[in-house]
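Undergrad: mind looking at a prediction? Sequence and model below.
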Amino acid sequence: MTARKAFLSGAVKLGAGQIVTQLCSFVRSVVLARLISPENFGIAATFAMTYALMEMVSNVSAQTLLVQAPDGDDPSFQGTGHLVIACRGMLSATVLFVLASPLSLLFGVPQARWAFYWIAAIPLLRGFAHLDLSRFQRNMRFGPQIAVDSISGLLVTVLAWPLAAWLRNYAAMLWLLLLQAAFYAIGSHVVAERRYVWTRRRDYVVRFLVFGWPLLINGLLMYGILQGDRFVIGVSGRVFPQSTFTLTDLGIYSVAFAVTMAPSTLFTNIANSLFLPVLARAQAAPEQFVRRYMACAQILAFAAAVIAIPFIVAGHWIVPLVYGPKYSAAGVFIGWLGAMWGTRVFRTAPTQAALALGDSRNSMIANMARTTALIGVLIAAATGSGLIWIAICGFLGEVLATAVCIWRLWARHHVAPGLSLAPFAVSGMGMAVALVAQLGTFSRISTLVIGVVLLATCAGTMVLCFPDLRHNLRGLLRLSSPQVAAQSARL
């Protein structure tokens, strides 16, 4: 298969796989939200936050290095990766088990202490996954990863309704998380081609740790970004005397967070898997790298508008329509969350460009800037402000992080800021107009028309302002530079 066909085939497969995965996640959240109360949904959200804490702060990104490293196909290198992620899983499980009781008290749910103990099994199960899923991606083979993600997601989604209908409380979320971890680990071994082994090579272990330590710190920062606001909402009632947040508020905010995160996760996961190997293969050919990065930035800028604008103009109708009227309070702030996730989707472009050039610290530094939003979140919680201020803080933090990410890409790798800022400005203007329009009172048909017009305007502006977009896309597909071909052989 030619490089162009491999790229297109990978794009189609990734898109289909991510649609299935995110649709399954979305359906599960809707089923749980409709069958259990907002308070129970809030308790269930604390389980996901607890697991995510250890998942993110212990992630040395062995899977990413396996794709990026020139010798990532070496069986000994992969075996060392197996050992690293297995040790990580065992360590995470131990820490979670020890912290189970204190965490249940911190969230104010001592009756759910037993569930926090069971959460420790999730990283343990995932720690024994087979890394062939990542190794296949070096050659644009995304099928096995897609199959495992999709099938495990489908199986858990099928079980969501009977479990939620039977239990009618937060326990349904716990068992779904455990089952998905088990299905994923088993599936990774089913599709693997190599034998699962542990290899202990000191030099490889050092490489994993050296590559992963900035991303490990980045994981802690990511927890603050993706879970920090909800964590503050969940514990503020026991920390800040003036706080008005309850577990019901946490459930409502989590629903809005989940529905806005789903499409952005779809785009970013595709971009991460698809653009990283393409950009990494051009790291030795600067001109080719710039052309490919331009195409990535322009694609993701438009994707940001596609994600953000519908939530900004119609989010206050989307949430009660999908999750039910008991979550209608989310309509007040969901537009800001949509803008936040749209901005984050665009930030994928400079982040992946830096990672392809071996700079794993770029994302860490940008996320340090992003976590400054937690200062505003803490102030909002301590002063008894509403949930809308939590969402606004998240949006402003994401804008700051994007600016820092672009600045470092220029300062460290001489990638001109204009390559990123020009397409992002188009999306940003569309979001700004949508936020202004949202302040008005429109019928549903009028709102739909406004959203369509804004998206069409963004698309037209992209075409007019970037006449070389088609050429850049062809360059992204062609992968024809001799230097790039040599680099591809080494990869």
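TA: Right, received. Where do you want to start? Bear in mind the structure is a predicted one, so any value in this text is a computation, not a measurement.
Undergrad: output the below-cut-off pLDDT ranges for the stretch 351-491 of the chain.
TA: Residues of the stretch 351-491 of the chain meeting the criterion pLDDT under 70: 439-451, 453, 459-491.
Undergrad: again, only this time at 80
TA: The stretch 351-491 of the chain contains residues with pLDDT under 80 at 360, 435-491.
Undergrad: okay, helices next: where are they in the stretch 1-150 of the chain?
TA: For the stretch 1-150 of the chain, applying DSSP state H, counting those that start in this stretch gives helices covering 3-35, 38-57, 62-68, 75-106, 113-119, 121-126, 132-135, 143-167.
Undergrad: okay, those in JSON lines with mean pLDDT next?
TA: Formatted as JSON lines, the entries for the helices of the stretch 1-150 of the chain read as follows, by pLDDT from 0 to 100:
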{"stretch": "helix 3-35", "mean pLDDT": "76"}
{"stretch": "helix 38-57", "mean pLDDT": "84"}
{"stretch": "helix 62-68", "mean pLDDT": "78"}
{"stretch": "helix 75-106", "mean pLDDT": "90"}
{"stretch": "helix 113-119", "mean pLDDT": "93"}
{"stretch": "helix 121-126", "mean pLDDT": "92"}
{"stretch": "helix 132-135", "mean pLDDT": "86"}
{"stretch": "helix 143-167", "mean pLDDT": "91"}
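Undergrad: which one of those lies closest to residue 220?
TA: Evaluated over the helices of the stretch 1-150 of the chain, closeness to residue 220 peaks at helix 38-57, with 4.6 Å, by CB to CB. All C-beta atoms are positioned from the backbone trio N, CA, C, and that covers glycine.
Undergrad: which positions within that closest one qualify as buried?
TA: When neighbours are counted by 16 or more other CB atoms under 10 Å, the buried residues of helix 38-57 are found to be 38-57.
Undergrad: turn the helices of the stretch 1-150 of the chain into JSON lines, columns for distance to residue 314.
TA: Compiled in JSON lines, these are given as follows (distance: least, CB to CB, whole Å):
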{"stretch": "helix 3-35", "distance to residue 314": "17"}
{"stretch": "helix 38-57", "distance to residue 314": "22"}
{"stretch": "helix 62-68", "distance to residue 314": "36"}
{"stretch": "helix 75-106", "distance to residue 314": "36"}
{"stretch": "helix 113-119", "distance to residue 314": "35"}
{"stretch": "helix 121-126", "distance to residue 314": "35"}
{"stretch": "helix 132-135", "distance to residue 314": "37"}
{"stretch": "helix 143-167", "distance to residue 314": "26"}
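Undergrad: would you check that residue 153 makes contact with residue 17?
TA: No. With contacts counted by CB atoms under 8 Å, residue 153 stays clear of residue 17, the gap being 9.5 Å.
Undergrad: so how far is stretch 58-73 from its chain's centroid?
TA: Going by CA atoms, centre = their mean, to the nearest Å, the spacing between the C-alpha centre of stretch 58-73 and its chain's C-alpha centre is 18 Å.
Undergrad: in that stretch, what's buried?
TA: 58-69, 72.
Undergrad: and if you look at stretch 81-100?
TA: 81-86, 88-89, 92-93, 95-97, 99-100.
Undergrad: what do you get for stretch 408-428?
TA: 408, 409, 413, 415, 419, 420, 422, 423, 424, 426, 427, 428.
Undergrad: out of these, who's nearest residue 390?
TA: Residue 390 lies nearest to residue 428 out of the buried residues of stretch 408-428, by CB to CB, at 21.4 Å.
Undergrad: isn't residue 164 right up against residue 40?
TA: No. The pair residue 164 and residue 40 fails to qualify as a contact (CB under 8 Å) at a distance of 9.9 Å.
Undergrad: elements contacting the host helix or strand of residue 296?
TA: Counting by DSSP states H and E, the secondary-structure element that holds residue 296 is helix 286-323. Based on contacts counted as 3 or more CB pairs under 8 Å, 6 or more residues apart in numbering; DSSP states H and E, the elements that helix 286-323 packs against are helix 3-35, helix 247-280, helix 334-356, helix 418-438, helix 444-465, helix 469-478.
Undergrad: could the ones you listed go into CSV alongside distance to residue 286?
TA: Converted to CSV, the helices and strands packed on helix 286-323 look like this (distance: least, CB to CB, whole Å):
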stretch, distance to residue 286
helix 3-35, 19
helix 247-280, 12
helix 334-356, 12
helix 418-438, 13
helix 444-465, 24
helix 469-478, 13
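Undergrad: pick the most buried one from the ones you listed.
TA: Burial of the helices and strands packed on helix 286-323 is given as mean neighbour count (mean count of other CB atoms under 10 Å); helix 334-356 ranks first at a mean of 28.
Undergrad: show me what that one is packed up against.
TA: Contact analysis of helix 334-356 by 3+ CB pairs under 8 Å, 6+ apart lists helix 62-68, helix 247-280, helix 286-323, helix 361-370, helix 387-413, helix 418-438 as its packing neighbours.
Undergrad: for those helices, which one sits closest to residue 204?
TA: helix 62-68 (9.7 Å).
Undergrad: which strands or helices does that closest one pack on?
TA: The criterion is 3+ CB pairs under 8 Å, 6+ apart, and the helices and strands that helix 62-68 contacts are helix 75-106, helix 132-135, helix 202-226, helix 247-280, helix 334-356.
Undergrad: mind putting the ones you listed into TSV with distance to residue 188?
TA: Output for the helices and strands packed on helix 62-68, formatted as TSV (distance: least, CB to CB, whole Å):
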stretch	distance to residue 188
helix 75-106	11
helix 132-135	5
helix 202-226	18
helix 247-280	16
helix 334-356	23
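Undergrad: ok, the nearest residue to residue 393 once chain neighbours are set aside to residue 243 distance?
TA: With CB to CB, 6 or more residues apart in numbering as the measure, residue 376 is the residue that lies nearest to residue 393, at 3.6 Å, once sequence neighbours are left out. Shown here: residue 376 relative to residue 243, a distance of 15 Å by CB to CB, to the nearest Å.
Undergrad: also residue 416?
TA: Counting by CB to CB - residue 416 and residue 243 are separated by 45 Å.
Undergrad: would you map out the domains in the protein?
TA: As recorded under automatic domain parsing, the domains making up the chain are 1-226, 227-477.
Undergrad: surely residue 76 touches residue 202?
TA: No. Taking CB under 8 Å as the definition, residue 76 is not a contact partner of residue 202, at 11.6 Å.
Undergrad: of the two, who's got more company?
TA: Neighbours per residue (other CB atoms under 10 Å) separate residue 76 from residue 202, with residue 76 holding more: 14 against 8.
Undergrad: so that one versus residue 87, what's the distance?
TA: In this structure, residue 76 lies at 17 Å from residue 87, with CB to CB as the measure.
Undergrad: tell me which residue is most central in the protein.
TA: For the chain, residue 265 is the residue whose C-alpha lies nearest the centre (CA atoms, centre = their mean; 4.7 Å).
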